[in-house]
Every structure is written in structure tokens, then in C-alpha cells.
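Asks: Build me a structure from this.
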Amino acid sequence: MDSPFHLAFPVNDIEATRLFYTEVIGCSIGREAERWIDFNFFGHQISAHLVDSLETVPTNPVDGETVPARHFGLVLEWNAWHDLVEQLNKKEVNYLIKPTIRFEGKVGEQATVFINDPSGNALEFKSFKDPEQLFTTK
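Replies: Numbers count the residues shown, from 1 in each chain. This is a model prediction of the structure:
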């Protein structure tokens, strides 16, 4: 990994967030204070910040699905994506968008799944059978 990214995002319940990101996603905890907590998100730093109110997130149609316009996630190796979906199934996670293959038979074909954290932040995990397709346009 060249440079880990950092992302800060709003939450309305620190303890529910802690449980979700550690128990469901498998993150470890970094530094924390009363109103924020850092997680090791697959080698990247994400910071949950407690806020008093959350915004409604608009959506955008993508390949027949209603995708939250604001979301974050990770591109995983093919088998790691399937392992994560199996883990999510065992935890009986409610899917925002169920595991699916998007753009099937086209450039950029990918496996994708969307879930919400307890504060309604949308996370997308995706994978390409051919990792070279990540930025391919034709």
C-alpha cells in the first residue's frame, strides 16, 4: 500500500459504532476520545465523530440499483470479498444492496455489496476478478 487514506465520518452513537466496526467488519481500534474513535480499516484510518444530527444522503441510480451518493469502502481481492460477504451473512447483516455482480459482461465488471453502519453511513465493498479493470475505461 502506497499511502493509507484517512476518512472522518459522522455517527450518532459511539458505542454502537464501536461494536459494528470491530465485531461486524473486523476493524481494530486506534486512538479515541469521548466524541471520536479511530479504526484500522484494512490498513487505513477511519475516524468516527459523534454529531448531534445526521444529514439525509441523496441517492444515484447505478446499474439498476439505488446507490447512496455519499459512501465509502474498499476494493478487496476476489476471495477476500467473498470471505467478507460470508462473514456478513453469519452476522445476519441487513444489506442496503445485496451482494451482486455489477456491469456483468462489461468493462469494469465487479462484485459489490453495500451495508449501512448503525448511523446510516453507507459502506461499499467491491472486487474485480481482474484487478486491472479498476480504472479501465474501454
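Asks: middle-most residue in this protein, spatially?
Replies: What sits nearest the mean C-alpha location of the chain, by C-alpha atoms, centre = their mean, is residue 123, with 2.6 Å.
Asks: and the gap between that one and residue 92?
Replies: 16 Å (C-beta to C-beta, to the nearest Å). Placement of C-beta: from N, CA and C, glycine included.
Asks: what's the answer for residue 10, then?
Replies: Per C-beta to C-beta, residue 10 is found 25 Å from residue 92.
Asks: Neighbour count: those two, which is higher?
Replies: residue 10 (15 against 7; other C-beta atoms under 10 Å).
Asks: which ones are touching that one?
Replies: Going by C-beta atoms under 8 Å, 6 or more residues apart in numbering, residue 10 touches 48-51, 54-55, 119, 121.
Asks: Only whichever of those residues are buried, select them in PyMOL.
Replies: Buried residues within these, by 16 or more other C-beta atoms under 10 Å, are selected in PyMOL with:
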select buried, resi 48+50+119+121
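Asks: Which of the contacts of residue 10 sits closest to residue 112?
Replies: residue 121 (16.6 Å; C-beta to C-beta).
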